[in-house]
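> Whatever this is, show me its structure:
(2 chains)
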Number of protein chains: 2
Amino acid sequence: MPTIPFLPYSILMGNLGILCLGLTIYWSQHWLGGLAWDGSRKMFNWHPVLMVTGMMVLYGTAALVYRLPFSQMGSKLPWKMLHAILALIAFISAILGLEAVFKFHNVQKIPNMYSLHSWLGLSAVLLFSCQWLVGFASFLWPWTPIWFRAIYKPVHVFFGSVILGLATASCISGINEKLFMRGKNSTSYSKLPAEAWFANVLGMLILVFGVLVLLGLAIPEWKRPDVNSQDFRQPLLQDAR
Amino acid sequence: MPTIPFLPYSILMGNLGILCLGLTIYWSQHWLGGLAWDGSRKMFNWHPVLMVTGMMVLYGTAALVYRLPFSQMGSKLPWKMLHAILALIAFISAILGLEAVFKFHNVQKIPNMYSLHSWLGLSAVLLFSCQWLVGFASFLWPWTPIWFRAIYKPVHVFFGSVILGLATASCISGINEKLFMRGKNSTSYSKLPAEAWFANVLGMLILVFGVLVLLGLAIPEWKRPDVNSQDFRQPLLQDAR
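From the prediction side, this is the model:
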């Protein structure tokens, strides 16, 4: 893989993540009626905002923690904890994002979980919950046997990328779905009104963000070379061991 | 990564690929009115059939060629050619799949390229065309310098997985979109009629197929250990060198 400097990459990713989040909030405020936690249509608008925050921006940041150059020196434990905490905040955002859409549906008497987008999105969040729990039990729980950690680590890494891919596909199918629903009430999607242009561009930026996180994870020079080191075996509360 | 035997994996993948294709054809025949190349609604139905054939089943097969155990002995050239030929047939299927939807839209006076699904899908096919051309020029063209091949190979591998991910997300957003459009004329998608159940399950099976191809590509034991070998440097028409 051609060597890319990490600093400009991380600046780009920081800006791109903020841009995706900012555009999602702008879509909610400017076209979808704003945000409120009251069971109304405004409550639904928290769904894209919290999902992009949790499943894309925070999840991507958590995934890239071990690629920070200064994370590769010294003890791995603080970085493991940062990775777990960021992932936990991402997960809580996703749960709140689900709550926003379920409560809105229930109040408005709209069925839940009928679209392929909802099946995919819930699969991503369920897989994420397994990933976090098994990840915590493997890498931070002091009594997990080392052989299990060694077997599980590549599985955790693989599913880390898969879940990000599912989250990206969920965002895209969700934006697409919302724009078809919006077309029933306002200007048809097929006429590409300003809102459709805006949200399509947002979807493509989310896609670029997801692909660039996967690129950051794939660059061999950025990986922490510690698979068989002493540090790899270091669980929570045993920093001095 | 835990070791998985290749034979049951390849049998599973063969059956899953045929199942995805068979269910897509069944959806087209049983619910969407059948297949025809005449500019009518039946012409559109070639779009999902050809896209699942090309961008998922044939593309996935092409990607996994180098993981076949008997491909790892002897010359790499026949496997390079098989990989390129399968990918070319996949690409031709995808182009025909695009032609099906563009011709249908043009005859029916429906705008092209307005949905996020179409933006994503066209991006996937355009990236695939670049991937094929640069792949051919790098690995089968005899005059390409070896240093370029060595730099480009991990890029080709990375984008191979990314394009499969984009294709999977395109299939999911496309099925979701089609079911919302169908809901305008027949039973609403939100009531989950039999067709919606069927196509949602198809979408999830396509997702599982895509993830399992990525898993097959990620298992280290299945990779051909030849990055710096003589064979890696072997382009087209120089088999005896």
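> Packing partners of the lengthiest helix in chain A?
For chain A, the longest helix by residue count, based on DSSP state H, is helix A:146-185. On a contact count with 3 or more C-beta pairs under 8 Å, 6 or more residues apart in numbering or on different chains; DSSP states H and E, helix A:146-185 meets helix A:46-51, helix A:59-64, helix A:116-139, helix A:194-218, helix B:116-139, helix B:146-185, helix B:194-218. Every residue, glycine included, has its C-beta placed from N, CA and C.
> Could you figure out how far the last one is turned away from helix B:146-185?
Going back to what we said before, that points to helix B:194-218. 170 degrees (axes from the mean of the first three to the mean of the last three C-alpha atoms, to 10 degrees).
> Return the set of buried residues in the longest helix of chain A.
A:149, A:152-153, A:155, A:157-180, A:182-183 (16 or more other C-beta atoms under 10 Å in any protein chain shown).
> thinking again about what came up before, in TSV: the helices and strands packed on helix A:146-185, plus mean pLDDT and distance to residue A:83.
Formatted as TSV, the helices and strands packed on helix A:146-185 follow (pLDDT from 0 to 100; distance: least, C-beta to C-beta, whole Å):
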stretch	mean pLDDT	distance to residue A:83
helix A:46-51	98	20
helix A:59-64	98	5
helix A:116-139	98	8
helix A:194-218	98	12
helix B:116-139	98	29
helix B:146-185	95	23
helix B:194-218	97	20
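> What's the separation between the most centrally placed residue in chain A and residue A:20?
Residue closest to the average C-alpha location in chain A (C-alpha atoms, centre = their mean): residue A:55, at 2.2 Å. Per C-beta to C-beta, to the nearest Å, residue A:55 is found 11 Å from residue A:20.
> With residue A:68 instead?
On the measure of C-beta to C-beta, residue A:68 and residue A:20 end up 21 Å apart.
> Same check on residue A:126?
For residue A:126, the distance to residue A:20 - C-beta to C-beta - is 23 Å.
> So which of the two has more stuff around it?
Remark: of residue A:126 and residue A:20, residue A:20 carries more neighbours, 24 against 11, as counted by other C-beta atoms under 10 Å in any protein chain shown.
> Please tell me the pLDDT value assigned to that one.
Residue A:20 carries a pLDDT value of 98.
> How about the contacts made by it?
A:52, A:56, A:57, A:202, A:205, A:206, A:209 (C-beta atoms under 8 Å, 6 or more residues apart in numbering or on different chains).
> mind checking pLDDT for residue A:70?
89.
> do the one 5 residues further on as well
You'll see residue A:75 listed with a pLDDT of 92.
> same deal with the one 3 residues further on?
Reading off the confidence values, residue A:78 has pLDDT 96.
> Now name the helix or strand holding it.
helix A:77-108 (DSSP states H and E).
> Report the buried residues of that helix.
By neighbour count with 16+ other C-beta under 10 Å, helix A:77-108 contains the buried residues A:77, A:79-80, A:82-84, A:86-87, A:89-91, A:93-94, A:96-98, A:100-101, A:103-105.
> Centre of the chain to that helix, how far?
Mean-position distance between helix A:77-108 and its chain equals 9 Å (C-alpha atoms, centre = their mean, to the nearest Å).
> which helices and strands does that helix pack with?
Checked by 3+ C-beta pairs under 8 Å, 6+ apart, helix A:77-108 has helix A:41-44, helix A:46-51, helix A:59-64, helix A:116-139 packed alongside it.
> go again using 10 Å as the cut-off
Contacts defined by 3 or more C-beta pairs under 10 Å, 6 or more residues apart in numbering or on different chains; DSSP states H and E place helix A:77-108 against helix A:41-44, helix A:46-51, helix A:59-64, helix A:116-139, helix A:146-185.
> Show me the one of the helices and strands packed on helix A:146-185 that comes nearest residue B:25.
helix B:194-218 (10.6 Å; C-beta to C-beta).
> how far out from the middle of the chain is that closest one?
So, by C-alpha atoms, centre = their mean, the centroid of helix B:194-218 is 12 Å from its chain's centroid.
> How about stretch A:110-120?
19 Å.
> Report whether it contacts chain B.
Yes. Contact of stretch A:110-120 with chain B (C-beta under 10 Å from any C-beta of the partner chain) involves A:110, A:111, A:112, A:113, A:114, A:115, A:116, A:117, A:118, A:119, A:120.
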